[in-house]
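> I'll drop the sequence and a predicted model, then ask my questions.
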Number of protein chains: 2
Amino acid sequence: MRRDVFQAIADPTRRAIITLLALQAMTPHALAEHFDSTRQAISKHIKVLTECEVVTQKQTGRENYYQLNLQKMKEIDIWLESFRKMWEDRFDQLDNLLKDL
Amino acid sequence: MRRDVFQAIADPTRRAIITLLALQAMTPHALAEHFDSTRQAISKHIKVLTECEVVTQKQTGRENYYQLNLQKMKEIDIWLESFRKMWEDRFDQLDNLLKDL
DNA sequence: TATATTTGCAACCAATCAGTTGCCAATAAC
DNA sequence: GTTATTGGCAACTGATTGGTTGCAAATATA
């Protein structure tokens, strides 16, 4: 099974989970309340996120708090880096063109 | 069928195609030579990329040149924006901590 | 004109995905 | 001690994915 951050963010529900966990650590139960699907469905998504280390867990009693691992988000940023350079160059070119006109 | 840039970059072969097309526009045939799988498999990936507008095509005779649409790459960057702010804040906090020591 | 190259389409296949329900274990609350 | 809450596991289902082969159409090339 392929488990990387790119696969993790492919699913819109998982992206929503990531956004929620960016604000604060939450339990699967609390997370599930934000969605229409069942707690088990959400738990499966959390499992994927945990397996690719996008999310880490911290157990306290019976409650399991999950929190976002920003480092993994940074991995996407690193991949984007070379492309960002390209669109910034394009922007500069357009900028120069506009100045010349 | 869900077709967005996040699903597009989920597959490692598609990410490789994107990287190749960032360097220069290419035909499916030329692209396929960079991979082990068949031309049809690559064409299917190109179809996904086209459907979510990560790639645009330009036909010349029987050859079909595909090129990267940087704008769609930027969409990922926009989504990352809020998270980037977070890890930069964390870095600043660490920086201040180190200064204090 | 005959042959080779490039391409997209359709049919098929095994694996994976996202979701469900049911169940049981552990912890909290009463 | 009994009941409620939380959460993980397993089994199942339908849809999607990434791959294959075969084929036909269009364009180059000999």
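Done, it's in.
> could you find the closest non-adjacent residue to A:R14?
Residue nearest to A:R14 in three dimensions, not counting chain neighbours: A:H45, with 5.0 Å by CB to CB, 6 or more residues apart in numbering or on different chains. Bear in mind the C-beta positions are built from the backbone N, C-alpha and C, glycine included.
> I figured the one you found hits A:I17, correct?
Yes - A:H45 is in contact with A:I17 according to CB atoms under 8 Å; the separation is 5.8 Å.
> comparing the two, which residue is more hemmed in?
For A:H45 versus A:I17, neighbours defined as other CB atoms under 10 Å in any protein chain shown are more numerous around A:I17 (27 against 23).
> remind me which helix or strand the more buried one belongs to.
For A:I17, the host element (DSSP states H and E) is helix A:12-23.
> list the buried residues in that helix.
The neighbour-count check on helix A:12-23 (16 or more other CB atoms under 10 Å in any protein chain shown) flags A:14, A:17-18, A:20-21 as buried.
> for the next helix or strand after it, buried residues please.
Counting by DSSP H and E, the element after helix A:12-23 in chain order, helix or strand, is helix A:28-32. Within helix A:28-32, the residues scored as buried using 16+ other CB under 10 Å are A:28, A:31-32.
> let me know the angle separating whichever helix or strand comes after helix A:28-32 from helix A:12-23.
Moving toward the C-terminus from helix A:28-32, the next helix or strand (DSSP H and E) is helix A:39-51. In terms of direction (axes from the mean of the first three to the mean of the last three CA atoms, to 10 degrees), helix A:39-51 departs from helix A:12-23 by 70 degrees.
> packing partners of helix A:39-51?
Here helix A:39-51 touches helix A:5-8, helix A:12-23, helix A:28-32, strand A:55-60, strand A:63-68, going by 3 or more CB pairs under 8 Å, 6 or more residues apart in numbering or on different chains; DSSP states H and E.
> got those as TSV, with mean pLDDT and distance to B:M1 columns?
TSV is the format used below for these (pLDDT from 0 to 100; distance: least, CB to CB, whole Å):
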stretch	mean pLDDT	distance to B:M1
helix A:5-8	97	17
helix A:12-23	97	13
helix A:28-32	97	26
strand A:55-60	95	27
strand A:63-68	97	29
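> fine, thanks again, bye for now.
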